[in-house]
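Q: With the input below, show me the fold.
(one chain, ligands or ions: 1)
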Amino acid sequence: MKIQMWREILDPYVLTVDELVVKFNHLIEEYRNMGAYSPIEQVHGRVKTISSILEKAQKKEIPLKDIEDKIEDIAGIRIICQFVEDIQKVVEIINKRTDMEIKSEKDYIKNMKSSGYRSYHLIIYYSVQTLEGTKKVQAEIQIRTLAMNFWATIEHSLQYKYKQNMPEHIKGRLSKAADAIIALDQEMSSVRGEIMDAQNSFKIKANMVADI
Ligand code: 0O2
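A: As a prediction, this is how the structure comes out:
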């Protein structure tokens, strides 16, 4: 497939990622303007690279004509939360919106992957306006805590380094690190109320200084 054709295919996904990142960042702003705690800490987005799309298509034996239908994460959004409890709150927020329709959900927090990976995944339908009219595309939203993201980022780099041949001792250490991340998230949840109070009073103080 020519690069121009790829550009045409991927363009609505670029728009989807741009729009979704703006919308989730705006939600953070809304919470902050109300002086309320935001269940969303950070938002990141990316469009899958052509080589990564082709690699996945080959691995899953997906013909090129079915790529947009079968590869659900061409547009990918990652929402990072402070606490595990925030994840369900974010899912509820998305569920209530009329501009995002949830197609499917995977809870890798209740059902941790064998690698130790934990995250909550949603596949949504999202409509964008293009020169050819409205196009409904799929996007994957990964929702995870800062701690889960730390683990997944390191593990992803190691997966990239070792491809399919990650040494057993590294797998073992990642598995121990995953246990430590579970313990850390639990510990943080147990002091959630105090951390949130501290953050709110810090913000109130900062706003008062800004008003002077
Ligand atoms: P990238 O580079 O992040 O885009 P599959 O993709 O075949 O595993 P499926 O059903 O398409 O399976 O999706 P699944 O299992 O919900 O996972 C999709 C994405 O979740 C992956 O995208 C990763 O981003 C993330 N993920 C899943 N398992 C792991 C894991 O064990 N470790 C880490 N670090 N991330 C994981 P891609 O396409 O693999 O890659």
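Q: so how far is the helix ranked longest in the chain off the chain centroid?
A: Taking DSSP state H as the criterion, the chain has its longest helix at helix 3-33. In terms of C-alpha atoms, centre = their mean, to the nearest Å, the centre of helix 3-33 is set 13 Å apart from its chain centre.
Q: What segments of this structure are helices?
A: For the chain, the helices defined by DSSP H cover 3-33, 50-59, 67-70, 84-96, 146-162, 168-190, 192-211.
Q: can you redo these as TSV with mean pLDDT?
A: As requested, the helices of the chain are arranged in TSV below (pLDDT from 0 to 100):
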stretch	mean pLDDT
helix 3-33	96
helix 50-59	96
helix 67-70	97
helix 84-96	98
helix 146-162	95
helix 168-190	95
helix 192-211	69
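Q: can you pull the buried residues of stretch 13-30?
A: Within stretch 13-30, the residues that count as buried by 16 or more other C-beta atoms under 10 Å are 13-17, 19-21, 24, 27-28. Every C-beta, even on glycine, is put in place using the N, C-alpha and C of the backbone.
Q: For residue 97, give its distance to residue 125.
A: If you measure residue 97 against residue 125 using C-beta to C-beta, to the nearest Å, the figure is 12 Å.
Q: next one: residue 135
A: Applying C-beta to C-beta to residue 135 and residue 125 gives a distance of 11 Å.
Q: and residue 165, how many neighbours?
A: 6 (other C-beta atoms under 10 Å).
Q: if I look at it, how far off is the ligand?
A: 15 Å (C-beta to the nearest ligand atom, to the nearest Å).
Q: before we move on, back to that, orientation of the longest helix of the chain relative to helix 84-96 in degrees?
A: Counting by axes from the mean of the first three to the mean of the last three C-alpha atoms, to 10 degrees, helix 3-33 points 110 degrees away from the direction of helix 84-96.
Q: Helix 3-33 near the ligand at all?
A: No - against the ligand, helix 3-33 shows no contacts by C-beta under 6 Å from any ligand atom, the least distance being 12.4 Å.
Q: between the buried residues of stretch 13-30, which is nearest residue 48?
A: Nearest to residue 48 among the buried residues of stretch 13-30 is residue 13, at 7.9 Å by C-beta to C-beta.
Q: That closest one touches residue 72, doesn't it?
A: No - with contact defined as C-beta atoms under 8 Å, residue 13 does not count as touching residue 72 (11.3 Å).
Q: For the most centrally placed residue in the chain, give me its contacts.
A: When C-alpha atoms, centre = their mean is applied to the chain, the residue found nearest the centroid is residue 78 (1.9 Å). Residues in contact with residue 78 (C-beta atoms under 8 Å, 6 or more residues apart in numbering) are 43-45, 141-144, 149.
Q: what do you get if the cut-off is 10 Å, keeping everything else the same?
A: Contacts for residue 78 were tallied using C-beta atoms under 10 Å, 6 or more residues apart in numbering; they are 21, 24, 42-46, 119, 140-144, 149, 152.
Q: Near the ligand, which residues of this structure are found?
A: By C-beta under 6 Å from any ligand atom, the residues of the chain that approach the ligand are 48, 52, 56, 73, 106, 113, 115, 117, 121, 152, 155-156.
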